[in-house]
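**Q** can you look at this prediction? I've put the sequence above it.
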Amino acid sequence: MAEQIMEPAAQATSQAALQATSQAAAGPARGLFLENVARHFSGVKAVDGVTVRLAPGETLALVGPNGAGKSTLLQLATGVDRITSGRIWLDGRRIDGLSAERIARLGVGRSFQTSRVFPALTVWQSTLLGVQARLLRGTGSRMANPLHEIAGALLGLKGWRQREAEQEAIVRDTLQLFGDRLWPRRDQPAYTLSYANRRRLEIARVLAARPDYLLLDEPAAGMNPTETAELTDLVLELRRLRPALGILVVEHKLSLVRRVADRVMVLNHGRMLAEGTPEAALDHPEVVEAYLGRSRGSGAPGTPGATSFRPASSDAHLG
Ligand SMILES: Nc1ncnc2c1ncn2[C@@H]1O[C@H](COP(=O)(O)OP(=O)(O)OP(=O)(O)O)[C@@H](O)[C@H]1O
């Protein structure tokens, strides 16, 4: 089936009203834009008419209790799952309906809630895979010809050597972002790594593809306070090094959210509950209620109808 790609957004005009009209028709010229999206699973409204816009250079945090629909939104944005209704745009192109692989190649990188590294590959090899995914972006929709690659390697062709050196530089720079966590372990297979290092490696692999938009699904899950603080610093460093990168982070650890996010959106029962600066969104009375209602509430987490916020640590409180 032909891929569904629509024309870029109309030129921006100085009039806000006209701009709003053009955005509704074709999505913003830049950014990842989920427009009134819904995903229903036989009666369960996992996502129920939510609009999210991630601009280049922005760090947006998506928070909410367990079952609020956060991961489902990431699945929809990355083409892993299909919307029931709504539209999704990437830099003015309609992308709902495209394959996950195609969306990744268009510049959307995503780490998963549970680490998906290949156990037998070394840290270096795993990160190199990310770099090679990036090379595919440069080839448009064509795959690199493996015979050319093998011939280049065997014959030591100049262009091939140069490309190899460039790839190695990207792997090195990416691994060194994580201080001494990954670089000294670059020759170790992933299965020998600690849980936190496997999660870091997953992020490294995604970063090595140099995405334009980076979606992180609970990157600090299972990390202790020191590891969480390191991860927070990593996100801040990324923002400094790659000012055009749009980052969408789904995270329960609010200490991280408060430090890295420009803007926070709070989901509850598949709908947007609040949006604003971290202070405004997280201190909103309904948000405090949505979170604290469960831990105090009558019903224990997991009771039918109750939403269970997982207090990962004392930093998960609001206020
Ligand atoms: N494939 C599926 N089939 C049926 N229901 C699903 C499916 N995926 C998600 N759901 C339901 O959709 C709702 C939203 O789930 P989702 O995983 O998006 O929540 P979440 O906010 O990411 O939660 P958590 O913080 O626990 O990861 C939940 O009620 C979940 O059970």
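**A** Arrived safely, thanks for sending.
**Q** show me where the protein has helices.
**A** Assigned by DSSP state H, the helices in the chain fall at 16-26, 70-77, 100-105, 123-138, 146-155, 158-176, 195-208, 225-241, 254-260, 278-282, 285-296.
**Q** measure the closest residue to residue 64 other than its chain neighbours to residue 204 for me?
**A** Ranked by CB to CB, 6 or more residues apart in numbering and with sequence neighbours excluded, the top spatial neighbour of residue 64 is residue 267, at 3.7 Å. To be clear about C-beta, it is placed using only N, CA and C from the backbone, and glycine gets the same treatment. Plainly put, residue 267 is 28 Å away from residue 204 if you go by CB to CB, to the nearest Å.
**Q** distance-wise, check residue 252 relative to residue 182.
**A** For residue 252, the distance to residue 182 equals 24 Å [CB to CB].
**Q** just residue 238 next, same as before
**A** Separation of residue 238 from residue 182 (CB to CB): 15 Å.
**Q** please apply the same query to residue 248.
**A** Separation of residue 248 from residue 182 (CB to CB) stands at 23 Å.
**Q** what does the stretch 1-150 of the chain have sitting close to the ligand?
**A** Contact residues (CB under 6 Å from any ligand atom) of the stretch 1-150 of the chain with the ligand: 41, 44, 46, 64, 66, 67, 68, 69, 70, 71, 72.
**Q** so where is the stretch 201-319 of the chain shaky, pLDDT-wise?
**A** 292-319 (pLDDT under 70).
**Q** quick check: residues of the stretch 201-319 of the chain near the ligand?
**A** Taking CB under 6 Å from any ligand atom, no part of the stretch 201-319 of the chain reaches the ligand.
**Q** find the centremost residue of the chain, please.
**A** Closest residue to the average C-alpha location of the chain: residue 215 at 0.6 Å, with CA atoms, centre = their mean.
**Q** quick check, it in contact with residue 248.
**A** Yes. Residue 215 lies in contact with residue 248 (CB atoms under 8 Å); the separation is 4.8 Å.
**Q** quick check: neighbours shared by the two?
**A** Shared contacts of residue 215 and residue 248 (CB atoms under 8 Å, 6 or more residues apart in numbering): 74, 77.
**Q** in JSON lines: the residues of the stretch 1-150 of the chain next to the ligand, plus neighbour count and pLDDT.
**A** Converted to JSON lines, those look like this (neighbours: other CB atoms under 10 Å; pLDDT from 0 to 100):
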{"residue": "41", "neighbour count": "11", "pLDDT": "95"}
{"residue": "44", "neighbour count": "12", "pLDDT": "94"}
{"residue": "46", "neighbour count": "21", "pLDDT": "97"}
{"residue": "64", "neighbour count": "26", "pLDDT": "93"}
{"residue": "66", "neighbour count": "15", "pLDDT": "90"}
{"residue": "67", "neighbour count": "20", "pLDDT": "92"}
{"residue": "68", "neighbour count": "25", "pLDDT": "95"}
{"residue": "69", "neighbour count": "27", "pLDDT": "96"}
{"residue": "70", "neighbour count": "26", "pLDDT": "96"}
{"residue": "71", "neighbour count": "20", "pLDDT": "94"}
{"residue": "72", "neighbour count": "23", "pLDDT": "96"}
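**Q** take the residues you listed and keep only those in strands.
**A** Secondary structure from DSSP state E places 41, 44, 46 of these in strands.
**Q** which non-adjacent residue is nearest the last one?
**A** The reference is to residue 46. Using CB to CB, 6+ apart and skipping residues adjacent in sequence, the residue nearest residue 46 is residue 72, 4.3 Å away.
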